[in-house]
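**Q** Dropping a prediction and its sequence here:
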Amino acid sequence: MLKTVMYDKDFPYAGFIQWHNNSPIPWNEICAQVVELFGLPGDRYVTNVGLVSMGFMFKNQEDFLLFKLKWSEYEL
């Protein structure tokens, strides 16, 4: 599967959520939960929207690990 990568040295940890129509949790709900947990993009993480997925790049490893634990079943 194709992953869109946006490299930023300030946000070295990246996770990708695939666009699904048949996912148990819609991608927009995942995005809303990310904002509730980490705040708006820019401080702790940034996003990158691609054709098949949405990338979440994190500044620190702890936030990335929490993201991976919470949404690993939806990741590419």
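**A** The structure has been received and is ready for your questions.

**Q** The chain: helices as residue ranges?
**A** With helices called from DSSP state H, the chain shows them at 27-38, 61-71.

**Q** Let's see the pLDDT reported for the residue lying closest to residue 41 once chain neighbours are set aside.
**A** Excluding the flanking residues, the one nearest residue 41 by CB to CB, 6 or more residues apart in numbering is residue 47, at 5.2 Å. Any C-beta I mention is one placed from the backbone N, CA and C, and that applies to glycine too. We have a pLDDT of 93 for residue 47.

**Q** mind listing what residue 47 touches?
**A** 41, 54, 55, 56, 57 (CB atoms under 8 Å, 6 or more residues apart in numbering).

**Q** Thought residue 13 was touching the third one, still the case?
**A** No. Using CB atoms under 8 Å as the test, residue 55 is too far from residue 13 to be in contact (10.8 Å).

**Q** Counting neighbours, go ahead and name the busier of those two.
**A** Taking other CB atoms under 10 Å, residue 55 and residue 13 do not tie; residue 55 has more neighbours (20 against 17).
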